[in-house]
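Colleague: Generate a structure from the sequence data that follows.
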Amino acid sequence: MTNQRQEEATYRPLFFRLSTKEDKQAFDALFAQDPRIKRHDTIRQQLDELMRISFPGKTWGEAERQAFYAERTGGRGFDEYGVWVYFPWNNNCVHVLDEEEFVRVRTNRNVYKIDFHDIDVLRTKKIGVIGLSVGQSIALTIAMERTCGEIRLADFDDVELSNMNRIRTGIQDLGLNKAIIAARQIAEIDPFINVICYTEGVNDQNIDDFFCKGGKIDVLVEECDGIDVKVQSRLRSRSLRIPVVMDTNDRGMLDIERFDFENERPILHGAVADLERIPSAELAHKLKN
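Modeller: From the prediction side, this is the model:
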């Protein structure tokens, strides 16, 4: 892979916790290497939010606020509190609360839509999304509402100009893989969500990894165009008791197959019953042709 393609494939941010010597040295070296990196630091405002949700209804004077800062930071400078997150693709480095406090503040307005226990449960969930055209909006909504702790994105296609009627991106991203674009946007919303990209799409070689590597996914969101992947992904989901959700873009219909409850359920609600009678090796060949 060329350096340009490696750079284009980057979608994971880098984390620097300046309270550790190694991270502080790496952080300083990063800025020495490229002084054009932009710093964004609103850590005091984020601490103010944390303070307000930790003690709802309390009125804070300046002395009490400073005492809260000192207690949280342990007397260290603000730079060493939380974590600095560097996004290589846009040259931004952002100072945020570290994971536990970040998640607590960022999901605070989900309460009382769901309760704290629900938020903790959702952090353990893994969601797979196949097809990042319509699937991009779904993946970003999942990230915004933080309804999972890990999301796996699969799409072999690159963004073309005519895709931009349904993909939220800028013209600077034309030619980039759709999964990479979605992964970067998720990282910029919440860098602590674990995102895994399958830029070859889902195929015979990686389908087991997509569904099971690092733990089985809890839900499959299927939004791809290929009938072969639609069928094969459902057969695999049914065998693993994974529910499938699909937005059909037809009169607002949401298609749901609860294979977790009904593992004998015909795929696609029985509309392709003839395909289910074909042996798997023969089926793969038939679908691809």
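
Colleague: Which residues belonging to stretch 96-110 are considered buried?
Modeller: By 16 or more other CB atoms under 10 Å, the buried positions in stretch 96-110 come out as 96-97, 101-107, 110. Using the backbone N, CA and C atoms, a C-beta is placed for each residue, glycine as well.

Colleague: Which ones among those map onto helices?
Modeller: 101-106 (DSSP state H).

Colleague: Which one of these is nearest to residue 137?
Modeller: residue 106 (19.6 Å; CB to CB).

Colleague: you'd agree the closest one is up against residue 146?
Modeller: Yes. If you go by CB atoms under 8 Å, residue 106 and residue 146 touch, sitting 6.7 Å apart.

Colleague: which neighbours do those two share?
Modeller: The contact sets of residue 106 and residue 146 overlap at residue 190 (CB atoms under 8 Å, 6 or more residues apart in numbering).

Colleague: Show me where the protein has its helices.
Modeller: Per DSSP H, the chain carries helices over the ranges 3-8, 21-33, 43-54, 62-73, 99-106, 116-122, 134-145, 178-189, 207-212, 227-240, 273-276, 280-288.

Colleague: Out of those, the one nearest residue 221 is which?
Modeller: helix 134-145 (5.5 Å).

Colleague: List the buried residues for that closest one?
Modeller: Buried positions in helix 134-145, judged by neighbour count with 16+ other CB under 10 Å: 134-139, 142-143.

Colleague: do stretch 65-72 as well
Modeller: Residues 68-69, 72 are the ones in stretch 65-72 that count as buried (16+ other CB under 10 Å).

Colleague: circling back: JSON lines for the buried residues of stretch 96-110, including distance to residue 283 and pLDDT?
Modeller: Listed next are the buried residues of stretch 96-110 as JSON lines, based on distance: CB to CB, whole Å; pLDDT from 0 to 100:
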{"residue": "96", "distance to residue 283": "48", "pLDDT": "98"}
{"residue": "97", "distance to residue 283": "49", "pLDDT": "97"}
{"residue": "101", "distance to residue 283": "50", "pLDDT": "96"}
{"residue": "102", "distance to residue 283": "45", "pLDDT": "97"}
{"residue": "103", "distance to residue 283": "42", "pLDDT": "95"}
{"residue": "104", "distance to residue 283": "47", "pLDDT": "94"}
{"residue": "105", "distance to residue 283": "49", "pLDDT": "95"}
{"residue": "106", "distance to residue 283": "44", "pLDDT": "95"}
{"residue": "107", "distance to residue 283": "42", "pLDDT": "94"}
{"residue": "110", "distance to residue 283": "42", "pLDDT": "89"}
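
Colleague: pLDDT below threshold where in this protein?
Modeller: Low-confidence segments of the chain (pLDDT under 70): 1-8, 249-250.

Colleague: Domain map for it?
Modeller: Following automatic domain parsing, one finds the domains of the chain at 3-106, 116-288.

Colleague: Next one: the residue nearest to residue 190 when sequence neighbours are not counted relative to residue 265, how far apart?
Modeller: Ranked by CB to CB, 6 or more residues apart in numbering and with sequence neighbours excluded, the top spatial neighbour of residue 190 is residue 143, at 5.7 Å. Distance, residue 143 to residue 265, using CB to CB, to the nearest Å: 29 Å.

Colleague: next one: residue 201
Modeller: From residue 201 to residue 265 the distance is 25 Å (CB to CB).

Colleague: Compare those two (neighbour count), which wins?
Modeller: residue 201 (21 against 14; other CB atoms under 10 Å).

Colleague: Surely that one and residue 156 touch.
Modeller: Yes. If you go by CB under 8 Å, residue 201 and residue 156 touch, sitting 3.6 Å apart.
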